[in-house]
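>>> Sharing a model that was predicted from the sequence below.
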Amino acid sequence: MNQINVNSSLFKTIGFMDYDNVFYNELGNNDFFQKTIDKETLKFLENSYHSEYAKIMFSNDNSGVKIFSKKLDYKISITKRGNNVLVKSIEVFFFNNTFENTKTAIYAISYEPVTNSLEEISNISNDLKNHDCEILFESKTMLLEYFISENLFFGKKPSIGNSSLEQYAGSRFKNYLVVDFENENFDRDHLLYELGTSSKIGTISENTIEAPSSSYINKVLENKISCFNNYECLTLLNSFTVVGTKNYDINHVHTHSTWNDIYFSIYIFNLYVKCSLQILLNDFTSDAMSKRREFQEFYNKYYFKKISYNFLPNEIFKRISDSLEIEEDLEFIQNRLETLATQVNEKQQKQQEFLLFCISVIALLETPLHIEGIREIIGIENLSIYNSLVYPILILTLAITFIFKFRKK
């Protein structure tokens, strides 16, 4: 299998970053250009996808995601294996929301193997997913994350401190890989598993001690998308992989646009939803009421059950969402919000009860002052002396009640 030539391939790694206005404004000065959609394509997308989703991912105005792209022509070598790789382009997807304190962007780097073989694609997709992959560029050895910062982001680090987003992103990129063959003479399920999990090609068939068990393979392949005979997809927590025959051609405008732009945007959208939920969960207790309002606005804008009038985009969308466990995260946050709402209601109810108690005490303060019988019973004829005794006693009683109440809290 290792010697099988690939007809065409598409490989991207996806990273996450917090950005500020300075970084955003410097893009134009560093040869990035904002991507726009032509009218014909835009009309097709608007007729194929639900309007709310289309406004976010396929919009030329400021209401949607802004995509900046830059063509590249770099050649790097992975020192571990000596593989030569071309760095072809970078895209940055900017999600700008008024309800967020931080601004999140997702960037995707497109690579192209110099040798278009299955083994080569497997090796580079396995190595280039690591931030600390050691590469050789212009006769200098450096880590991949440094190369990206210095040469792709004009010296800007694609992360800001120890943020919640950086904690979610970790030390690895997400992989997006489409591989197409002229003919297939291999087990497609095995190849999907091996590429999707970054396992060595042939791991399953060799059946060594490091090979996965049949039950685990079947469990991983539960996330497979199989709608047509000529290709299948496997969506996992850290990768999206497509293996097929005559499904993708980099030189064919339609198939390239479908997998490079339209279906890729579905993956980007779900990754953004996932990272946003993880950020909310990470520091939820720091300001629970503020996070509650943020989550509600986020949910109303970004939560969809379906995104298209056609079955295939919906199937891809749902399977990606399932593999990222987005529904589980949403359910967990909603349960925490319900618990928070119950706590807030209980606290407000106790505060109201205490306030009513105080009002009642204050209302009773003047009652003995105007009852002549009480003054006569205790033998105080002088009204001013009577008031000067009763007032301090009542105020002291009220003060002791307040102190006891707050100490109890």
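Happy to help now that I have it.
>>> Quick check: phi and psi at S59.
phi -130, psi 140 (degrees, to the nearest 10).
>>> Once you drop chain neighbours, what's closest to it?
V65 (7.5 Å; CB to CB, 6 or more residues apart in numbering). Backbone N, C-alpha and C define where each C-beta goes, glycine included.
>>> That neighbour contacts M57, correct?
Yes. In this structure, V65 is within contact of M57 by CB atoms under 8 Å, at 5.8 Å.
>>> how many other residues sit next to the residue nearest to S59?
19 (other CB atoms under 10 Å).
>>> Report the contact partners of it.
I56, M57, S59, F93, F94, F95 (CB atoms under 8 Å, 6 or more residues apart in numbering).
>>> where does the stretch 51-200 of the chain dip in pLDDT?
100-102, 159-162 (pLDDT under 70).
>>> I90 belongs to a strand, doesn't it?
Yes. Assigned with DSSP: H, G, I helix; E, B strand; the rest coil, I90 falls within a strand.
>>> Give me the buried stretch members for stretch 170-186, please.
Neighbour-count burial for stretch 170-186 flags F173, K174, N175, Y176, L177, V178, V179, D180, F181, F186 (criterion: 16 or more other CB atoms under 10 Å).
>>> how far does that stretch sit from the chain's center?
How far stretch 170-186 lies from its chain's middle: 22 Å, per CA atoms, centre = their mean, to the nearest Å.
>>> before we move on, what about stretch 145-157?
Computed by CA atoms, centre = their mean, the chain-centroid distance of stretch 145-157 equals 22 Å.
>>> ok, S139 to Y111 distance?
Distance of S139 to Y111, given as CB to CB, to the nearest Å: 20 Å.
>>> what does E222 give?
29 Å.
>>> and what of R81?
14 Å.
>>> higher neighbour count, these two?
Between R81 and Y111, counting by other CB under 10 Å, Y111 is the more crowded of the two (22 against 13).
>>> And the strands in the stretch 201-350 of the chain?
Per DSSP state E, counting those that start in this stretch, the stretch 201-350 of the chain has strands spanning 224-228, 231-235, 239-245. These are given in chain order.
>>> nearest to L143, of those?
strand 239-245 (21.4 Å; CB to CB).
>>> Can you list the buried residues in that closest one?
Buried residues in strand 239-245 (16+ other CB under 10 Å): S239, F240, T241, V242, V243, G244.
>>> Please apply the same query to stretch 33-50.
Neighbour count says stretch 33-50 has I37, L45, Y49, H50 buried, by 16+ other CB under 10 Å.
>>> Pipe these into a markdown table and attach distance to E194, secondary structure and pLDDT per row.
Converted to a markdown table, the buried residues of stretch 33-50 look like this (distance: CB to CB, whole Å; DSSP: H, G, I helix; E, B strand; the rest coil; pLDDT from 0 to 100):
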| residue | distance to E194 | secondary structure | pLDDT |
| --- | --- | --- | --- |
| I37 | 35 | coil | 90 |
| L45 | 34 | helix | 93 |
| Y49 | 33 | strand | 96 |
| H50 | 35 | coil | 95 |
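>>> residue boundaries of the strands in the stretch 1-150 of the chain?
Going by DSSP E, counting those that start in this stretch, the stretch 1-150 of the chain shows strands at 8-18, 33-34, 66-78, 83-95, 104-113, 134-137, 140-143.
>>> Redo those as CSV? Include distance to E210.
Converted to CSV, the strands of the stretch 1-150 of the chain look like this (distance: least, CB to CB, whole Å):
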stretch, distance to E210
strand 8-18, 25
strand 33-34, 46
strand 66-78, 22
strand 83-95, 22
strand 104-113, 25
strand 134-137, 24
strand 140-143, 27
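>>> So for N230, which of those sits nearest?
strand 8-18 (13.3 Å).
>>> The closest one packs against which elements?
strand 104-113, helix 118-127, helix 164-169, strand 174-181, helix 263-282 (3 or more CB pairs under 8 Å, 6 or more residues apart in numbering; DSSP states H and E).
>>> that older thread, and Y299, which of the strands of the stretch 1-150 of the chain is closest to it?
Nearest of these (CB to CB): strand 83-95, 14.8 Å.
>>> now what about stretch 253-263, what contacts it?
The contact list for stretch 253-263 (CB under 8 Å, 6+ apart) reads L10, T41, L45, V178, V242, N247, Y248, D249, I250, P313, I316.
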